[in-house]
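**Q** Whatever this is, show me its structure:
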Amino acid sequence: MRKNWYALLMILCVTSLFSCKDDNETVIDEVWRQQNEEVINQLQFNSDYNRISAESGNGYVYYKSLQEGTGKKIFYTSQVQVYYKGTLIDGTEFDARLFEDGEPFKCAVSSAVADYNYYSNPDGYQSVIEGWTVALQHMVEGDKWEVYIPYELGYGEVDNGDIPACSTLIFEIEVVSVDQQ
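**A** Residues are numbered from 1 along each chain as shown. Coordinates of the predicted model:
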């Protein structure tokens with residue numbers, strides 16, 4: 001009888017080890033991942049889109065110019081102001097800062113420049129995901145692009161608010177001003 005209790009206890013212990021998950025652990029929807037990868041893969045065959053390689057080697061962003069600017073060039077060390085709208089591949093809008101909203105979004109092209117210390121960054125230029133860093137460095141003041149960012153250059157394999165893990169991010173980005181080159 002005692003052996004049976006030990007066996008039952010062992011089964012319960014082993015089962016609980018495999019059935020519990022960390023609250024911070026993201027469950028990846030493999031169908032969603034495949035759909036997002038397919039969207040990115042199809043862009044290489046679309047002549048409307050150009051490809052830019054990430055310097056990190058983590059992949060590419062694809063973009064289409066909607067409006068050509070003629071202003072200052074953006075560099076890795078630049079601080080810029082932009083209007084943008086972000087959507088997922090299913091059309092869900094997850095974030096936006098548009099002209100109608102008033103003030104543009106202030107960001108540093110490189111997270112190394114976006115310091116959250118008030119004294120070194122009193123105007124509050126925020127950091128951006130790697131995909132934005134890649135795209136912005138190829139834009140000029142006045143440009144407006146539609147940019148596809150694969151999840152490897154976005155938020156990766158983790159959920160981020162309304163953005164599920166493994167999401168391709170589609171942004172419409174308009175560069176309003178280059179405040180620092």
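
**Q** Okay, strands next: where are they in this protein?
**A** Secondary structure of the chain, counting by DSSP state E: strands at 50-53, 60-67, 79-87, 93-97, 105-108, 144-149, 169-180.

**Q** Output the contacting helices and strands for the fourth one.
**A** The reference is to strand 93-97. Packed against strand 93-97 by the contact rule (3 or more Cβ pairs under 8 Å, 6 or more residues apart in numbering; DSSP states H and E) you find strand 79-87. The C-beta positions use only the backbone N, C-alpha and C, and glycine is treated the same way.

**Q** on that earlier part again, wait, which of the strands of the chain is closest to Gln126?
**A** strand 105-108 (5.1 Å; Cβ to Cβ).

**Q** same for the closest one, what does it pack against?
**A** Under the contact definition 3+ Cβ pairs under 8 Å, 6+ apart, strand 105-108 sits against strand 79-87.

**Q** Name the strands paired with the strand it packs on and say parallel or antiparallel.
**A** Using DSSP bridges, strand 79-87 pairs in its sheet with strand 93-97 (antiparallel), strand 105-108 (antiparallel), strand 169-180 (antiparallel).
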